[in-house]
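Participant: Need coordinates for the following:
(one chain, ligands or ions: 1)
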Amino acid sequence: MRVKICGLTDPAQAHAIAGLGAHALGFICVPASPRYVAAEQLRALTAGLPPFIFKVGVFADAPLEAIEEAVQAGGLNAIQLHGEEEPQVCRDLAQSVPGVARIKALRLREAADLERIERYRGCVETVLLDSWHPAQLGGTGVTFDWQWLMGFKPGLPWILSGGLKPENLLTALHRLQPQAIDLSSGVEEAGQPGRKNLKKVAQVLAIARQFSEQSHVVV
Ligand SMILES: O=C(O)c1ccccc1NCC(=O)[C@H](O)[C@H](O)COP(=O)(O)O
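Facilitator: Residues are numbered from 1 along each chain as shown. The predicted structure follows:
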């Protein structure tokens, strides 16, 4: 079970969360987000992180130059495409930013939205399933209807996201058996987007570890 903690804005917190055992850290490169970090901040956030930590930049219909700049500044291992990027855009990015993994986020409004995954097969390495929200692209703290994932077998690696928090994580893991999870607002200080509560992060990592041990999953 891999754990991605997303929406970091403070270098000391990024280091602390890496030290707690998160596998991936996410940085929001979407200017409209309250968790937005510009390229220079990204450089500071990622400097000196352990080399085995996966660094993910989150974008939404961003111009290629912005993605290239962030990839370079942050030494990113992956880009998460959280907007309306078509499969061809994802394919093209393999040429533009070679060696950087692509994660396509799908914001689910109804069960039928899961069918969109098929279009991205072969265009991205991983899909991330998040909740749809009328006014926000991500970091909403809202869960989608987990019933939609009953019998779900997409045939490519996937990450469960959307409204996960220490209180509902174990239920989600038992019911949905995701390969990886992504959390943001559920591990934040109340009313402070981008400021993580390290106790909640530690709790989440302990739950994921405990679940993996019980399920004999290699962490
Ligand atoms: O977090 C944001 O502010 C954000 C803004 C614009 C696009 C994407 C964004 N976040 C993407 C993420 O990967 C979040 O971790 C994901 O939406 C889950 O958030 P939450 O429901 O708060 O755990």
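
Participant: tell me the centre residue of this protein?
Facilitator: Central residue of the chain (Cα atoms, centre = their mean): Asp182, 4.7 Å from the mean position.

Participant: Quick check: it is in a strand.
Facilitator: Yes: under DSSP: H, G, I helix; E, B strand; the rest coil, Asp182 falls within a strand.

Participant: excluding its backbone neighbours, what's nearest it?
Facilitator: By the measure of Cβ to Cβ, 6 or more residues apart in numbering, the closest residue to Asp182 outside its immediate chain neighbours is Ser161, 3.9 Å from it. C-beta coordinates here come from the backbone N, C-alpha and C atoms, glycine included.

Participant: if I look at the one you found, how far off is Pro11?
Facilitator: 24 Å (Cβ to Cβ, to the nearest Å).

Participant: Could you check which of these two is surrounded by more residues?
Facilitator: Counted by other Cβ atoms under 10 Å, Ser161 and Pro11 do not tie: Ser161 has more neighbours, with 30 against 16.

Participant: Return the distance of the more buried one relative to the ligand.
Facilitator: 4 Å (Cβ to the nearest ligand atom, to the nearest Å).

Participant: List the neighbouring strands of the strand ranked longest in the chain plus their orientation.
Facilitator: The longest strand of the chain (DSSP state E) is strand 101-108. Here strand 101-108 has these sheet partners by DSSP bridges: strand 78-81 (parallel), strand 126-131 (parallel).

Participant: export that strand as CSV, just CAs?
Facilitator: Taking Å, rounded to 0.1, in the frame of the first residue of the first chain, the C-alpha atoms of strand 101-108 are listed here in CSV:
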residue,chain,number,x,y,z
ALA,A,101,5.3,9.2,-14.9
ARG,A,102,1.8,10.4,-15.8
ILE,A,103,-1.1,10.1,-13.4
LYS,A,104,-4.5,11.0,-14.9
ALA,A,105,-7.0,12.1,-12.2
LEU,A,106,-10.6,11.4,-12.9
ARG,A,107,-13.2,13.3,-10.9
LEU,A,108,-16.2,11.0,-10.5
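
Participant: That strand vs the ligand: in contact?
Facilitator: No: residues of strand 101-108 contacting the ligand under Cβ under 6 Å from any ligand atom: none, with a closest distance of 6.5 Å.

Participant: And the contacts of that strand?
Facilitator: 56, 58, 77-82, 85, 90, 93-94, 113-114, 116-117, 120, 123-133, 137-138, 144, 148, 159, 161-162 (Cβ atoms under 8 Å, 6 or more residues apart in numbering).
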